[in-house]
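A.B. asks: Sequence and predicted structure are below.
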Amino acid sequence: MKKVKGISIVVCLLAVLFLVSSAHATLELRGTDSLGNRLIYDTDLNITWYDYTKSWDTWQNQNDWASNLTVNFSGTIYDDWRLPSTVGGAFSWGCDETTTAGYNITSSEMGHLFYVELGNKGKNDISCNTQAGWGLSNKGPFIKLKRYLYWSGTAAYGAGGGDAWDFDFGYGGQYTDEDDFRSPGGDPYAIAVRPGDVPQQPADLVITSLGNPPKKKKRESTFTVKYTVKNQGFWDAGQFTNDFYLSADKVKSEDDIYLNDERSISSLGIGMNSGKKTVTVTIPSDTPTGKYYVIACVDKFNEIEESDDTNNCKASKKTITVVTVSSLCPDISGSWFADECATITCSGAFGNGTDEQCGSGYIYITQHGCNINFSSPANTSRKGTVKGNKIQFSGKLALSSPGVDFSENLITFSGTISPDLNSISVTGSGKVSGAYQGSSGSCSATSEETFTK
């Protein structure tokens, strides 16, 4: 029975060892500090790496740098940093993972990072033969890790070969060097670690691009807004609502005019952007006329926990002018006194030569929105549009006459309306062509007209 019990214990131990060895250690990006450097947690060794490479220096100076390092991470100061450790011992060189120096050594924190966590290959395989694909080909979540020699915090006095252990992220080799080691490239560099984990930073949603609005729109009209959202934080964001405003300045405030909100982004992973999104917004009927910026804001209802809620809004670079219907299409209806002078050149059956004709009289304009219609005692009917201070209209150049068959008969005018809406100035050009008693003829004309109330 004792023998069976012993076998059972061995089997249990093997099962535990199998589970431990097959567990996949991971590096988890926790966020960035106040200087923009990343903090990366090693779940296997329970240490946090500070993704910053200190420039070359002596071993003692690098140790002093690490021990005096203070990191502001999400408002918490961490000051328990050190250089990575190495399992010390007598200097023995090899490649089969059993030595203290050489390649494929994972017992040190930097060796564990290089080989286990990042999955890189050393220059030599376990038989000490050069292998393909060696070097720091994979940096994982690290940005500032370099292909250089880095000091360990472990002294090697009496171990033989040097005074302190170091690790080469270019070759994947572990060595010892004099603590005041000098090389053509300088002393080894340094990277810092601390014991344990740090809190995961949350998501951080920002508007990265926002299109400009149209130059002018009237109340109650619609226009489209194009924008892009990015999650620049370190946690996935679920669905959230975005809202849009008109603002007299580029700063979101309570007196801004609400337009619309929309909820088209279902989720946004770490570092991901939404792509170009488009939303149609409506200008409220009671919006005061004037110039406004468009402001877009993410996470209207604060559904997403964020590291920074002050960067959720962005303003357009250009403004939109909100106008009333009357200012967009000013009311010029009513009776007007018209003065016109035209230069007419004819040929063929319609005569030969150039003549100047002038006349004056009253005309009447009716208006529906931006559309206008002219009528006069001479039954001259013309139609057109107004927009802002611009006016354009067209109609027949010549009245119908017995025996004349027109194939073309049109004159077009364009001009401006005075700010006080009491005068209109236009110029026009047109042409008639056709036949009179079987003979062809044509006339062209240019005209200047003024209308006064």
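C.D. replies: On my side now, so go ahead.

A.B. asks: Test my guess that Thr427 contacts Thr450.
C.D. replies: No: checked against Cβ atoms under 8 Å, the pair Thr427 and Thr450 is beyond contact range at 10.3 Å. Just so you know, the C-beta spots here come from the backbone N, C-alpha and C atoms, and that holds for glycine as well.

A.B. asks: Flag the shaky bits of the stretch 51-200 of the chain, pLDDT-wise.
C.D. replies: 157-162, 181-186 (pLDDT under 70).

A.B. asks: Which parts of it are strands?
C.D. replies: Ranges of strands in the stretch 51-200 of the chain, per DSSP state E, counting those that start in this stretch, are 71-73, 76-78, 93-94, 101-103, 149-155, 164-168, 173-177, 190-195.

A.B. asks: starting at the chain centroid, how far to the second one?
C.D. replies: For strand 76-78, the gap between its own C-alpha mean and the chain's C-alpha mean amounts to 31 Å (Cα atoms, centre = their mean, to the nearest Å).

A.B. asks: Could you do the longest one as well?
C.D. replies: Relative to its parent chain, strand 149-155 has a centroid offset of 42 Å by Cα atoms, centre = their mean.

A.B. asks: now do stretch 118-128
C.D. replies: 41 Å.

A.B. asks: Same question for stretch 89-107.
C.D. replies: 49 Å.

A.B. asks: end-to-end on it?
C.D. replies: 12 Å (Cα to Cα, to the nearest Å).

A.B. asks: Which of the strands of the stretch 51-200 of the chain sits closest to Phe413?
C.D. replies: Taking Cβ to Cβ, strand 71-73 is the member of these nearest to Phe413, at 70.2 Å.

A.B. asks: partners of the closest one, with directions?
C.D. replies: Neighbouring strands of strand 71-73 in its sheet, by DSSP bridges, are strand 76-78 (antiparallel).

A.B. asks: Can you mark which positions in the partner strand are buried?
C.D. replies: Tyr78 (16 or more other Cβ atoms under 10 Å).

A.B. asks: one step back: between Thr427 and Thr450, which one's more packed in?
C.D. replies: For the pair Thr427 and Thr450, the greater number of neighbours falls to Thr450 (16 against 12), based on other Cβ atoms under 10 Å.

A.B. asks: Save the strands of the stretch 51-200 of the chain as JSON lines, and put in distance to Asp57 too.
C.D. replies: Output for the strands of the stretch 51-200 of the chain, formatted as JSON lines (distance: least, Cβ to Cβ, whole Å):
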{"stretch": "strand 71-73", "distance to Asp57": "19"}
{"stretch": "strand 76-78", "distance to Asp57": "22"}
{"stretch": "strand 93-94", "distance to Asp57": "26"}
{"stretch": "strand 101-103", "distance to Asp57": "22"}
{"stretch": "strand 149-155", "distance to Asp57": "8"}
{"stretch": "strand 164-168", "distance to Asp57": "12"}
{"stretch": "strand 173-177", "distance to Asp57": "13"}
{"stretch": "strand 190-195", "distance to Asp57": "7"}
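
A.B. asks: Val279: which of the ones you listed is closest?
C.D. replies: Per Cβ to Cβ, nearest to Val279 of the strands of the stretch 51-200 of the chain: strand 71-73, 36.0 Å.

A.B. asks: coming back round to it: looking at the strands of the stretch 51-200 of the chain, which is buried most?
C.D. replies: Comparing the strands of the stretch 51-200 of the chain by mean neighbour count (mean count of other Cβ atoms under 10 Å), strand 164-168 ranks first with a mean of 27.

A.B. asks: need the strands for the stretch 201-350 of the chain, in chain order.
C.D. replies: So, for the stretch 201-350 of the chain - with DSSP E, counting those that start in this stretch - the strands run 205-210, 216-218, 222-231, 242-247, 257-262, 277-282, 290-297, 313-323, 334-348.

A.B. asks: Pull the contacting residues for the spatially most central residue of the chain.
C.D. replies: Note on the chain: the residue nearest the mean C-alpha position is Thr208, at 2.7 Å, using Cα atoms, centre = their mean. Counting by Cβ atoms under 8 Å, 6 or more residues apart in numbering, Thr208 makes contact with Thr228, Val229, Lys230, Asn273, Lys314.

A.B. asks: So which of the strands of the stretch 51-200 of the chain is nearest Thr289?
C.D. replies: strand 71-73 (48.0 Å).

A.B. asks: Which residues does the closest one contact?
C.D. replies: Under the contact criterion Cβ under 8 Å, 6+ apart, strand 71-73 has outside partners 30-31, 33-35, 37, 39, 50, 77-79, 81, 198, 201.

A.B. asks: By neighbours, which of these wins?
C.D. replies: Most crowded among the contacts of strand 71-73, counting by other Cβ under 10 Å, is Leu39 at 27 neighbours.

A.B. asks: my guess is Gly111 meets Gln174, correct?
C.D. replies: Yes: Gly111 lies in contact with Gln174 (Cβ under 8 Å); the separation is 5.8 Å.

A.B. asks: Overlap in contacts, the two.
C.D. replies: Going by Cβ under 8 Å, 6+ apart, residues that sit against Gly111 and also against Gln174 are Thr86, Ile105, Phe167.

A.B. asks: Setting aside sequence neighbours, what's the nearest residue to the last one?
C.D. replies: Meaning Phe167. Met110 (3.9 Å; Cβ to Cβ, 6 or more residues apart in numbering).

A.B. asks: So what's the residue count around that neighbour?
C.D. replies: Other residues close to Met110 by other Cβ under 10 Å number 26.

A.B. asks: Surely Ile363 and Asn373 touch.
C.D. replies: No: Ile363 is not in contact with Asn373 according to Cβ under 8 Å; the separation is 10.4 Å.

A.B. asks: and the two most separated of the contacts of Thr208?
C.D. replies: Asn273 and Lys314 (13.4 Å).
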